[in-house]
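Enquirer: have a look; sequence and predicted model below, questions after that.
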Amino acid sequence: MEPEALRRVHEVLVACFGPQDWWPAESAFEIMVGAILTQNTAWTNVERALMRLQARIPLSAEAILRLDSDELADALRPSGYFNVKSQRLRSFCEAYLQAGGLSGLDRLPTPALRAWLLGLKGVGPETADDILLYAFERPVFIVDAYTRRIFSRLGLLAGKEPYERIRDAFERALGPDVPLLKEYHALIVQQGKAVCRSRPACDRCALWQTCAAAADSLDPSSAG
DNA sequence: TACCAGGAGAAAA
DNA sequence: TTTTCTCATGGT
């Protein structure tokens, strides 16, 4: 993964979409809850679920654990997979409190914190890195379906590389720059929504084509 | 009506 | 080890 190519893509995405200022949440704990609820789910549905949950309880691990299981699942219904996600959220809250909450976990070095997250049921690599980057402000790169789609379109990824290989390549190329890593992922999500799965790109990908043209214009080797 | 969305875990091959 | 199946609502 060429660092220069990744920086150029970032320039193009900033030019197309502007600053994103992510993650949309009021607290680190809300980021963690959102990261679990957004698994394979549109963010608008996650927002509905968060609103329903906050209409019932203040958003805290203690309050979630006090909530009846059925009522928790019902609150999460709009985010889909509500039975699965209610169990995952409860087990996350139990482990979170046991580990000393935000301050307790924040004392861990990044590799240990990542290992702790990955040891939780329902937290895979993407969710763990969402939490590490946005809730704990640790320098990790998040690899999601949009990352694979966009960078395979650009010819920079084959698309089926293992998660860790892609993450490592991006982190080495971009360096431990938390604001950059946050913004880059947010921009990828914005761009990813404009890129459909069909090949070659269809009309729905007009925005993507605009960005691709902008990328070409920034690439001195592709002039002409 | 059919497809897709900011995944993860379990089972099957 | 890799692939397939399951979980589920809401928008287009």
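Expert: Noted; the coordinates are in hand.

Enquirer: roughly how far does the residue in chain A that DNA strand B sits nearest to sit from A:Pro19?
Expert: Using C-beta to the nearest atom of the strand, the single residue of chain A nearest to DNA strand B is A:Gly124, 2.3 Å away. Quick note: C-beta positions are derived from backbone N, CA and C, even for glycine. Per C-beta to C-beta, to the nearest Å, A:Gly124 is found 28 Å from A:Pro19.

Enquirer: who has more neighbours out of those two?
Expert: Each of A:Gly124 and A:Pro19 has its neighbours counted (other C-beta atoms under 10 Å); A:Gly124 has more, 12 against 9.

Enquirer: list the contacts for that one?
Expert: A:Leu118 (C-beta atoms under 8 Å, 6 or more residues apart in numbering).

Enquirer: next: A:Arg7.
Expert: Counting by C-beta under 8 Å, 6+ apart, A:Arg7 touches A:173-174.

Enquirer: and what of A:Thr147?
Expert: A:157, A:166, A:185, A:188, A:192.

Enquirer: check contacts around the residue nearest to the last one when sequence neighbours are not counted.
Expert: What that stands for is A:Gly192. Distances taken as C-beta to C-beta, 6 or more residues apart in numbering place A:Tyr146 nearest to A:Gly192, at 2.6 Å, with adjacent residues excluded. Residues in contact with A:Tyr146 (C-beta under 8 Å, 6+ apart) are A:188-189, A:191-193, A:195.

Enquirer: out of those residues, who's nearest A:Pro176?
Expert: Checking these against A:Pro176 with C-beta to C-beta, the nearest one is A:Ile188 at 18.4 Å.

Enquirer: remind me, longest helix of chain A?
Expert: helix A:82-98 (DSSP state H).

Enquirer: what residues does it touch?
Expert: Residues contacting helix A:82-98 (C-beta under 8 Å, 6+ apart): A:32-33, A:36-37, A:39, A:49, A:61-62, A:64-65, A:69, A:72-74, A:76, A:79, A:105, A:116, A:120-123.

Enquirer: how is chain A partitioned into domains?
Expert: Domain assignment for chain A, taken from automatic domain parsing, gives A:3-21+A:142-218, A:28-135.

Enquirer: looking at the ones you listed, which one has the lowest mean pLDDT?
Expert: Of all those, mean pLDDT reaches its minimum on domain A:3-21+A:142-218 (a mean of 82).

Enquirer: circling back to that earlier point, can the longest helix of chain A be found next to DNA strand C?
Expert: Yes: judged by C-beta under 7 Å from any atom of the strand, helix A:82-98 comes into contact with DNA strand C at A:82-85.

Enquirer: which of these are buried?
Expert: A:82, A:85 (16 or more other C-beta atoms under 10 Å).

Enquirer: restrict the residues of helix A:82-98 next to DNA strand C to contacts with DNA strand B.
Expert: Residues of the residues of helix A:82-98 next to DNA strand C in contact with DNA strand B (C-beta under 7 Å from any atom of the strand): A:Val84.
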